[in-house]
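Asker: Sequence first, then the predicted structure, then my questions.
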Amino acid sequence: MLIRVEIPVDAAGINKLLRKAFSSDAEAELVNHLREDGLITLGIVATDDYGGVIGYAAFSPVMVNGEDRQWVGLAPLAVAEKYRGKGLGKALVYEGLDALNEFGYAAVAVLGDPAYYGALGFKTSAEYGLHCKWPDTASAFQIYPLAEESLQGISGLVEYSAPFDRF
């Protein structure tokens, strides 16, 4: 298995993985729209010994109170069924966090299972005075600061890019 930054040839495998990993095609369509709009800041793939995509994590820009603060959102995260429960999702997230930190990004937002992402170091956004526009998501909306000062003096609305509004 290899974990690396996605390259153009991975697009078909990512699309296939996302369509199988989720109950609808929404995540696959989201990634297609993000890619078409040039909004994938970072894509991390895991491939099997034959080069097939077995895991994927996408990171795209988010705004804080309408300002670009060098934050990104993590969505989607997918692992092929055969490889679930073996730490691959965690490895994809950590690889992404390390790369984003090296590139100078400040924080990562995610809307997902608090127990899963909490174990990876994400904190409930409300702890920082942050929220997203989707109702009833307070416990699932979480933040991972990549730099100590990235959350100082910041509170308010974290907004995902336009393709997220389509789904």
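Answerer: Now that the structure is in, tell me what you want to look at.
Asker: What residues does the residue nearest to Ala106 when sequence neighbours are not counted make contact with?
Answerer: Excluding the flanking residues, the one nearest Ala106 by Cβ to Cβ, 6 or more residues apart in numbering is Ser150, at 3.6 Å. C-beta here means a position set from N, CA and C on the backbone, and glycine is covered the same way. By Cβ atoms under 8 Å, 6 or more residues apart in numbering, the contact set of Ser150 is Arg69, Trp71, Ala106, Ala107.
Asker: Ser150 in helix, strand or coil?
Answerer: Using DSSP: H, G, I helix; E, B strand; the rest coil as the criterion, the local structure at Ser150 reads helix.
Asker: Make residue 1 into 158 and carry on from there
Answerer: All set: I'll call the first residue 158, so the last point we hit is now Ser307.
Asker: That one and Val219: what is the separation?
Answerer: Note on Ser307: its distance to Val219, by Cβ to Cβ, to the nearest Å, is 12 Å.
Asker: Pull up the overlap in contacts between the two.
Answerer: Taking Cβ under 8 Å, 6+ apart as the contact criterion, the residues that touch both Ser307 and Val219 are Trp228.
Asker: Quick one, which of the contacts of Ser307 are buried?
Answerer: Burial by neighbour count, judged by 16 or more other Cβ atoms under 10 Å, picks out Arg226, Trp228, Ala263, Ala264 from the contacts of Ser307.
Asker: For the last one, give the beta-bridge partners.
Answerer: Beta-bridge pairing of Ala264, defined through DSSP bridges, involves Trp228, Pro302.
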